[in-house]
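> attaching a predicted model along with its sequence, questions to come.
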Amino acid sequence: MKKAIILLIFALILTGCGKETETKKEDPEETVYEENTENPVEETDEPEEDEWTEISSKNYGEDGEKILMLLSIDNDGKYHFSINCIIDEEWKAACAFTIYYTHCLIINLQSEEIDTALFCQCGDTVLNNMGMSMQLDGENVTMIDEKEWCDENSTKIPEGEDESVFTTKIINYYNDFVSENDLLKKFSIKQSGESEDAVVYQDENVIIHYNGMSENGDNYDVNFTIENLSSKTLCVQFRETSINDFMVVPIGSIEIAPGKKAKDSMKIYGDEAEEYPMSSVESLETKFHIFNNDDISDYYETESIKIK
């Protein structure tokens, strides 16, 4: 496949995944008209093309890191959710692809109603979640392993860049789009109130599962399992926590070694446990404060996450 054709396909995806393209006009001087003396060919019924109707779409970012998210439905009632990125810097492309790949995988595992497609172009590299990622070199195309490419390039962070700023930004893009689409909310990261083992937050460093609540004397625990995907020892703490929209100050600091998992909890205790007992908890939100245990200046904080 020629490089120009691949880039054209990718460009069409980014400009709407279904908008009509202009018909190329022929030069009248170069057109040769021949009289058709043969018997007319009977027209056959051709199958109708599968048309997708756009439900919603939204563009994020700016030059150098443009992201388009699009939700459509086809003639058979199948939904299609695509995330399309054009990102110049390799480490940012690797970061975005890894995070969005996980979200697409979660939707695919939970729903047969939605097909997800993820495309990410970085220079002459085109990554996708269908196992057909490629490196373009003039007229040549080389198939590549997207995971290996991301692992190799995710560490190429220029000095002075804050990875957490970009990570938070692209996660917010995803959450913003999903928040406006009830179907995606239903099949995206599960609402923890629906499950005793639900993923409530995930990025390239951690996966955080909510495991329900348990009484602990006059107090109670909000239980989590946290998996450390990074090569650093991480600590996860809690900020700006609220129960039933009232602010509380829980106790909790969970340490996880590289590549390991830890089961621990956010502890609600004392007057707050008495004022907001476990049986009365209708909503619970918090921000996860995640930092390198060996360098507390290396940290980031998530947006507010609904736990219950």
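Right, received. Where do you want to start? Only a predicted model underlies this, so the values are computations on that prediction, with no experimental measurement involved.
> surely residue 65 is in contact with residue 92?
Yes. Contact status for residue 65 versus residue 92: in contact at 6.1 Å, counting by Cβ atoms under 8 Å. All C-beta spots, glycine's among them, are computed from the backbone N, C-alpha and C.
> higher neighbour count, these two?
residue 92 (26 against 19; other Cβ atoms under 10 Å).
> report how many residues lie close to residue 85.
The number of residues packed around residue 85, counting by other Cβ under 10 Å, is 25.
> over to the one 3 residues further on?
Counted with other Cβ under 10 Å, the neighbours of residue 88 add up to 13.
> who are the packing partners of the strand or helix carrying residue 212?
Secondary structure assigned from DSSP states H and E places residue 212 in strand 206-216. Judged by 3 or more Cβ pairs under 8 Å, 6 or more residues apart in numbering; DSSP states H and E, the packing partners of strand 206-216 are strand 198-202, strand 219-228, strand 234-243, strand 261-268, strand 284-292.
> what does the fourth one rub up against?
Strand 261-268 has contacts (Cβ atoms under 8 Å, 6 or more residues apart in numbering) with 211, 214, 216, 219-228, 238, 241, 243, 248, 250-252, 254-256, 276, 278, 286.
> same check on the last one?
Contacts of strand 284-292 from elsewhere in the structure, counted by Cβ under 8 Å, 6+ apart, are 201, 205-206, 208, 222, 232-243, 250, 266, 298-308.
> are any of these buried, and if so which?
Applying 16 or more other Cβ atoms under 10 Å to these, the neighbour count classes 201, 205-206, 208, 222, 232-238, 241, 243, 250, 266, 300, 302, 305, 307-308 as buried.
> what sits against residue 82?
Residue 82 sits next to 13, 17, 68, 69, 70, 72, 116, 117, 118, 119 when contact means Cβ under 8 Å, 6+ apart.
> pull up the gap between residue 214 and residue 296, please.
30 Å (Cβ to Cβ, to the nearest Å).
> could you do residue 172 as well?
Plainly put, residue 172 is 24 Å away from residue 296 if you go by Cβ to Cβ.
> have a look at these two and say which one is more surrounded.
More crowded of residue 172 and residue 296, by other Cβ under 10 Å: residue 172, with 13 against 9.
> please name the bridge partners of the spatially closest residue to residue 61 that is not a sequence neighbour.
Once flanking residues are discounted, residue 61 sits nearest to residue 67: 4.9 Å by Cβ to Cβ, 6 or more residues apart in numbering. When assigned by DSSP bridges, residue 67 has beta-bridge partners residue 60, residue 85.
> residue 67 contacts residue 59, correct?
Yes. The pair residue 67 and residue 59 qualifies as a contact (Cβ under 8 Å) at a distance of 7.3 Å.
> who's more crowded, these two?
Neighbour totals were compared for residue 67 and residue 59, and residue 67 leads with 23 against 13 (other Cβ under 10 Å).
> from residue 83, how far out is the more buried one?
For residue 67 relative to residue 83 (Cβ to Cβ), the value is 7 Å.
> likewise for residue 59?
12 Å.
> now do the shared contacts for these two.
67, 68.
> which element is the closest residue to residue 236 other than its chain neighbours on?
Excluding its sequence neighbours, the residue lying closest to residue 236 (Cβ to Cβ, 6+ apart) is residue 254, at 4.6 Å. Residue 254 is part of strand 253-256 when elements are defined by DSSP H and E.
> one step back: so who does the residue nearest to residue 61 touch?
Here residue 67 is in contact with 59, 60, 61, 83, 84, 85, 87, 96, 170, 173 (criterion: Cβ under 8 Å, 6+ apart).
> for these, work out which two are farthest apart.
59 and 96 (14.5 Å; Cβ to Cβ).
> can you identify the element that follows the lengthiest helix in the chain toward the C-terminus?
Counting residues, the longest helix found in the chain (DSSP state H) is helix 90-110. Heading C-terminal from helix 90-110, the first helix or strand you meet, by DSSP H and E, is strand 114-122.
> give the partner strands of that next one in its sheet and their orientations.
strand 79-87 (parallel), strand 125-128 (antiparallel).
> please name the strands paired to the helix or strand following the shortest one in the sheet, noting orientation.
On the C-terminal side of strand 125-128, the closest following helix or strand by DSSP H and E is strand 134-137. Each strand paired with strand 134-137, and its direction, by DSSP bridges: strand 125-128 (antiparallel), strand 140-143 (antiparallel).
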